[in-house]
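Engineer: Generate coordinates for the sequence data below:
(chains A and B)
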Number of protein chains: 2
Amino acid sequence: MSPFTMDSNLHQQLMTADQISNLLAKDRQYVWHPFTQMKDYEQRDHVLIQRAEGIFLYDAWGRKYYDTVSSWWCNVHGHGHPRIKEAIHKQLHAFDHIMFSGLTHAPGITLAERLVQLAPEGLHKVFYSDNGSTAVEVALKMSFQYWQQVGNTTKTKFIYLEGSYHGDTLGAVSVGGVEQYHALFKPLLFHGYKMPAPDLRAAGGHTLADEAIVAEQALAPVRELLQLEAEQIAGIIVEPMLMGAGGMIMTPAHYLTELRKLCSAHQIHLIADEVATGFGRTGTMFACEHAGISPDILCLSKGLTAGVMPLAATLCSDTIYAAFYDDYMTQKTFFHGHSFTGNPVACAVALASLEVFEEEAVLERIQLTIRALETALHGSGLAALPYVANIRQLGLVAAFDLYEDAQRKMPFPPEKRIGAAIYEAGFEEGLILRPLGDTIYYWLPHCATPEDVSDIVSRTLRVLNKVLG
Amino acid sequence: MSPFTMDSNLHQQLMTADQISNLLAKDRQYVWHPFTQMKDYEQRDHVLIQRAEGIFLYDAWGRKYYDTVSSWWCNVHGHGHPRIKEAIHKQLHAFDHIMFSGLTHAPGITLAERLVQLAPEGLHKVFYSDNGSTAVEVALKMSFQYWQQVGNTTKTKFIYLEGSYHGDTLGAVSVGGVEQYHALFKPLLFHGYKMPAPDLRAAGGHTLADEAIVAEQALAPVRELLQLEAEQIAGIIVEPMLMGAGGMIMTPAHYLTELRKLCSAHQIHLIADEVATGFGRTGTMFACEHAGISPDILCLSKGLTAGVMPLAATLCSDTIYAAFYDDYMTQKTFFHGHSFTGNPVACAVALASLEVFEEEAVLERIQLTIRALETALHGSGLAALPYVANIRQLGLVAAFDLYEDAQRKMPFPPEKRIGAAIYEAGFEEGLILRPLGDTIYYWLPHCATPEDVSDIVSRTLRVLNKVLG
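Structural biologist: Modelled structure (predicted):
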């Protein structure tokens, strides 16, 4: 089906051309969009979305697009899932938002219980906040304050990985390894230790032995640092298995299992940022499961509410919690909180999403989609294209890199903005693609069918062909 | 009406005693509440809320409480306002959440337009995020990057006020002036200049002349600093007219008008954090209106969605926006964004809230409530109590301080935790009070009636009498 096919049910609700151009003029006049060079939209409009259902978004002209990036890696069960809407209506009937300090409520409590049951073992306490950045800020402050309160007061620094991304608030930026996002803000950031990422692209054949080599190369400087400086270090923060914004870098499980051992041996908190990878995206409920490890602190958001409403959670061990639990006058309280912490509507949505996971056996169902994605990636002729390299996949996420000469890994000149051209051409083929530089990726919602996957890859080939010939 | 009176409509929905104790046991087992010493709840339970309507919260036993703090200063039109619920249902029917980069949508655009129309003049661009902390982080990063991009690269520092609170992410904590919340985290914070707050409590008679003296005393060191160091300073961040978490410190309009002049003269951004004061709470739509000034950057959240859902907005001038607007390759993009930026449901709620402001003529209506609050505060015998001092009010917000000897301003010993005792006794009188130390305050929702106000103050007197005799 062409993306330009008009959906007749939709026709009645469509805006007039005047309404559309009026809105788009106002968009240009009033709105500063996130992560956007607004001048890029001087000549062309933002895509005005008017409806969303399942994996599809519909613009105001009635054009239909595959949401191949799950609306910034958030959407889980598709847009407009009836169980989610029902949960919102039901919760609003009881109460909307109340303060979560001194007061408590069933959706917040029950969700905390479910998260503890689902999360890697040993994570027994849930601290809510609103987004991935705040989930990470909570983790960093919790780890830092923990060491102060147990008397290891020199443990004040954090390790993070090159190419990592943990959010845009200044604490989260401080542990971010993407130069483009944080170099400018250096005077506002705290100092940490940047370690290399175990990028599986270096592993060639991707056998377990190759993966172990990549892992060990990245672990060597960590081992060295901990040998010398463990007493200065509070924790290490990682995106387990899959580093998203840094370029869809996939990393070996071996790295995590060894890192877990190192952290335990040197008394360092292992902080797993599963804001993006959580809730089935990598094929397991949490990415840590690929390595069979538990972090000391786990950050969740995005898919937590099936991608419908802002909500985040930071889970931690009883050991960490215990260091804050004392008489008030000892001043060990964790003074952190946001107005909408534990928002009952968002908690109700998250609970409904977890019910859908069970009722629809989502984790089993997606295995088919994951295999279809593998088939499409490797059976579609994509790999044979002279400008495509590093096709990689983990669960519902897949990526490949574009090069002027893929065999010699010769990149396109940055000023060509190949990724941006692909992005624009994607719209014309009914795809919301959102390349990271010259890395094209899919971040599929769990509702994607094998047919969707095959269609998406076919359309992508047409886009590539159009832009790169 | 006693808070213990059972609401018969509610009776059917009540949980069983077993369900309640089961939930509360789980609360204790799994939930780490914000800004809470969890050990305070070892002997007693959190209050389990099951329903909310208007100014009232109802617990699982059917007990009714006045939400005198508007659920952490958020709630505006009362809980469960039908127009808000309707807006959510309508938006969910169209689409839930979509990415706000590359894509756009009517609720996000229309809300931006409305905010620009309502905000102090000169604020023409709207950047969305999720909560007050992120609104402030956006403001700080925007200001910092602005100066870098216009070539004043030495302007990297911020001024903030003693007793100020701007949120809990590490950037926001860096410009926070409440020692208790940030002293511990110093190694993770960037350095700024802390200036005294123009605390009106020092003004005795509260005539305009007294206020001007307080303002000028606080301005003197700012003038001095700017004379010497303006070239190092990017901006100053203030909570206009009312500093909330620092102890409900009310400040003179004169301070703001003079600060505006100083900032313009020395090329410093004036950042107004109206996360708490915005949307009518101080009697005007925004607190800046009391001084008739416009900041360069304005931070909004809490009341933005009538306190129902997480959403924040940072507004800025065209001058600031223009410094980021350039060809992509010049690398001037503002690389900031959160997954749920511009959440369509939250934007629809905010729009509905602004419609309620108009339809119900809320800003006019609350003037009656504000006068009733004034009458109740000064006609109730509160001022005559030997332990009460500094009764103060701005719009729907009022506060007073408790002292062992009010006349001599002799505080209670901190270990007595008088505020905490008042808080607990409040529940028994059907009041959600949430003192800041020994400062008791009201932060009333706009739906409060003059009768509610008088009842709340009477109940407060009973609480005070119970705790302090």
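Engineer: Can you point out the buried residues in the top helix by length along chain A?
Structural biologist: When chain A is parsed with DSSP state H, its longest helix is helix A:208-229. For helix A:208-229, the buried set under the neighbour-count rule, 16 or more other C-beta atoms under 10 Å in any protein chain shown, comprises A:211-215, A:218-219, A:222, A:225-226. Using the backbone N, CA and C atoms, a C-beta is placed for each residue, glycine as well.
Engineer: do stretch A:88-102 as well
Structural biologist: For stretch A:88-102, by 16+ other C-beta under 10 Å, it's A:88, A:91-92, A:94-102.
Engineer: Over to stretch A:153-164?
Structural biologist: Residues of stretch A:153-164 classed as buried: A:155-164 (neighbour count, 16+ other C-beta under 10 Å).
Engineer: so where do the helices sit in the stretch 301-450 of chain A?
Structural biologist: A:318-322, A:344-359, A:362-379, A:418-428, A:450-468 (DSSP state H, counting those that start in this stretch).
Engineer: which parts of the stretch 201-350 of chain A sit against chain B?
Structural biologist: Residues of the stretch 201-350 of chain A lying close to chain B (C-beta under 8 Å from any C-beta of the partner chain) are A:301-302, A:307-311, A:316, A:321, A:324-329, A:331-343, A:345-346.
Engineer: Spatially, what comes nearest to A:Gln367 if we skip its sequence neighbours?
Structural biologist: A:Gly283 (7.1 Å; C-beta to C-beta, 6 or more residues apart in numbering or on different chains).
Engineer: burial of A:Ala322, as a residue count?
Structural biologist: 13 (other C-beta atoms under 10 Å in any protein chain shown).
Engineer: Distance of it relative to B:Met195?
Structural biologist: 39 Å (C-beta to C-beta, to the nearest Å).
Engineer: low-scoring pLDDT stretches of chain A, where are they?
Structural biologist: Confidence mapping of chain A against pLDDT under 70 gives the ranges A:1-13, A:205-206.
Engineer: if we can go back for a sec, ok, which of the buried residues of stretch A:153-164 also contact chain B?
Structural biologist: When contact is defined as C-beta under 8 Å from any C-beta, the buried residues of stretch A:153-164 meet chain B at A:Thr156.
Engineer: could the buried residues of stretch A:153-164 go into TSV alongside secondary structure?
Structural biologist: Below are those laid out as TSV (DSSP: H, G, I helix; E, B strand; the rest coil):
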residue	secondary structure
A:Lys155	coil
A:Thr156	coil
A:Lys157	strand
A:Phe158	strand
A:Ile159	strand
A:Tyr160	strand
A:Leu161	strand
A:Glu162	coil
A:Gly163	coil
A:Ser164	coil
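Engineer: Max pairwise distance over the buried residues of stretch A:153-164: which two?
Structural biologist: A:Lys155 and A:Gly163 (24.9 Å; C-beta to C-beta).
Engineer: Run a quick neighbour tally on the residue of the stretch 251-400 of chain A at minimum distance from chain B.
Structural biologist: Across the stretch 251-400 of chain A, the shortest distance to chain B (C-beta to the nearest C-beta) belongs to A:Gly337, at 2.6 Å. A count of nearby residues for A:Gly337, using other C-beta under 10 Å, gives 23.
Engineer: Please report how far the residue nearest to A:Asp199 when sequence neighbours are not counted lies from B:Gly337.
Structural biologist: Excluding the flanking residues, the one nearest A:Asp199 by C-beta to C-beta, 6+ apart is A:Ile249, at 4.9 Å. For A:Ile249, the distance to B:Gly337 equals 20 Å [C-beta to C-beta].
Engineer: try A:Leu200
Structural biologist: 27 Å.
Engineer: Contact partners for A:Phe279?
Structural biologist: By C-beta atoms under 8 Å, 6 or more residues apart in numbering or on different chains, the residues touching A:Phe279 are A:76, A:285-286, A:300, A:302-304, A:306, A:353, A:357.
Engineer: Same check on A:His79?
Structural biologist: A:His79 touches A:52-57, A:67, A:71, B:95-98, counting by C-beta under 8 Å, 6+ apart.
Engineer: which residues does it bridge with?
Structural biologist: A:Gly54 (DSSP bridges).
Engineer: Relative to B:Asp130, how far out is it?
Structural biologist: A:His79 is 20 Å from B:Asp130, by C-beta to C-beta.
Engineer: and what of A:Trp72?
Structural biologist: From A:Trp72 to B:Asp130 the distance is 13 Å (C-beta to C-beta).
Engineer: Settle it for me: which of those two has more neighbours?
Structural biologist: B:Asp130 (31 against 26).
Engineer: following the strand or helix carrying A:Ala52, which helix or strand comes up?
Structural biologist: Counting by DSSP states H and E, the element that carries A:Ala52 is strand A:47-53. Per DSSP H and E, the first helix or strand lying C-terminal to strand A:47-53 is strand A:56-59.
Engineer: okay, now the domains of chain A?
Structural biologist: For chain A, automatic domain parsing gives the domain ranges A:8-77+A:361-468, A:83-359.
Engineer: For B:Asp45, find the nearest of the ones you listed.
Structural biologist: Of all the domains of chain A, it is domain A:83-359 that lies closest to B:Asp45, at 8.2 Å by C-beta to C-beta.
Engineer: how would you label the nearest residue to A:Leu188 once chain neighbours are set aside: helix, strand or coil?
Structural biologist: In space, A:Leu188 comes closest to B:Phe190 once its chain neighbours are excluded; the distance is 4.6 Å by C-beta to C-beta, 6+ apart. Per three-state DSSP, the local secondary structure of B:Phe190 is coil.
Engineer: what about B:Phe190, how many residues close to it?
Structural biologist: Neighbour count for B:Phe190, taken as other C-beta under 10 Å: 21.
Engineer: measure it to A:Ala421 for me?
Structural biologist: Distance, B:Phe190 to A:Ala421, by C-beta to C-beta: 38 Å.
Engineer: rewinding a little: the contacts of A:Phe279: which two are farthest apart?
Structural biologist: The span of the contacts of A:Phe279, defined through C-beta to C-beta, is set by A:Phe286 and A:Ala306 at 15.6 Å.
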